[in-house]
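K.L.:
what follows is a protein structure lacking sequence information:
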């Protein structure tokens, strides 16, 4: 049973660029959530997607956007990158209205 | 903001039980207590969750006080691989909300 997978594992960008991160949920899951984890901090919730729509959003600017595809995989897009966007980006999947989220290994983004 | 309070760090000897406390004095009746852990540079791993009854699974036990204002995660026989940051999270049942992580407890298992 495949777990949550994310790509790429590492990424380096420069300020002002745009980035797209990808996530494939655990087999059978239909809901994907994205989190940002800065160094030394706990993960912060960005948003959640279900049925190809954004269902819930945390306190992140509109530069952060996402998409969910019919196969339940998801993308996180960040525009106009800032140095402060450097972080580990985590994807978590779950079944809608069930309690437990399962996390992928993350994508480490460095903005120079 | 996180609705839980945890000690920033704890040590435990290998083979002993590790008891990690968590205070959640403002927990609501429909909020569950969740525990996740994060081993260095990996994604968080689900451990266990409960509403008001004590819970046990193959990884750990969760003890919730009768007034639900605090809980304890118990790792019965800690190994070096249990060294990680442990997060206690309270969350409304239903799945729509994201998880609100605090800073967690850095548990160090000593050989």
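P.N.:
Thanks, I have the structure now. Please read these numbers as outputs of a predicted model, since none were measured by experiment.

K.L.:
ok, residue A:13 - contacts?
P.N.:
Counting by C-beta atoms under 8 Å, 6 or more residues apart in numbering or on different chains, residue A:13 makes contact with A:19, A:81, A:109-112. To be clear about C-beta, it is placed using only N, CA and C from the backbone, and glycine gets the same treatment.

K.L.:
switch to 7 Å and redo it
P.N.:
Residue A:13 makes contact with A:19, A:81, A:109, A:111, according to C-beta atoms under 7 Å, 6 or more residues apart in numbering or on different chains.

K.L.:
tell me which element the second one is part of?
P.N.:
If you go by DSSP states H and E, residue A:81 is not part of any helix or strand.

K.L.:
same check on the third one?
P.N.:
Assessed by DSSP H and E, residue A:109 sits inside strand A:107-111.

K.L.:
which other helices and strands does that strand contact?
P.N.:
strand A:10-13, strand A:87-94 (3 or more C-beta pairs under 7 Å, 6 or more residues apart in numbering or on different chains; DSSP states H and E).

K.L.:
partner strands of the shortest one, with direction?
P.N.:
When sheet partners are counted by DSSP bridges, strand A:10-13 sits next to strand A:107-111 (parallel).

K.L.:
any chance of CSV for the helices and strands packed on strand A:107-111, columns mean pLDDT?
P.N.:
Converted to CSV, those look like this (pLDDT from 0 to 100):
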stretch, mean pLDDT
strand A:10-13, 97
strand A:87-94, 96
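
K.L.:
make JSON lines from the ones you listed and add distance to residue B:5 to it.
P.N.:
What follows is these, written out as JSON lines (distance: least, C-beta to C-beta, whole Å):
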{"stretch": "strand A:10-13", "distance to residue B:5": "34"}
{"stretch": "strand A:87-94", "distance to residue B:5": "23"}
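
K.L.:
which one of these is the most hemmed in?
P.N.:
strand A:87-94 (a mean of 25; mean count of other C-beta atoms under 10 Å in any protein chain shown).

K.L.:
is the very next helix or strand once past that one anywhere near chain B?
P.N.:
Downstream of strand A:87-94, the next assigned helix or strand under DSSP H and E is strand A:102-103. Yes - judged by C-beta under 7 Å from any C-beta of the partner chain, strand A:102-103 comes into contact with chain B at A:102-103.

K.L.:
show me what strand A:102-103 packs onto, helices and strands only.
P.N.:
strand A:87-94.

K.L.:
gap between the helix or strand of chain A with the lowest mean pLDDT and the chain center?
P.N.:
Within chain A, no helix or strand scores below strand A:53-57, which has a mean of 92 by mean pLDDT, DSSP states H and E. Once both centres are worked out by C-alpha atoms, centre = their mean, to the nearest Å, strand A:53-57 turns out to sit 12 Å from its chain's centre.
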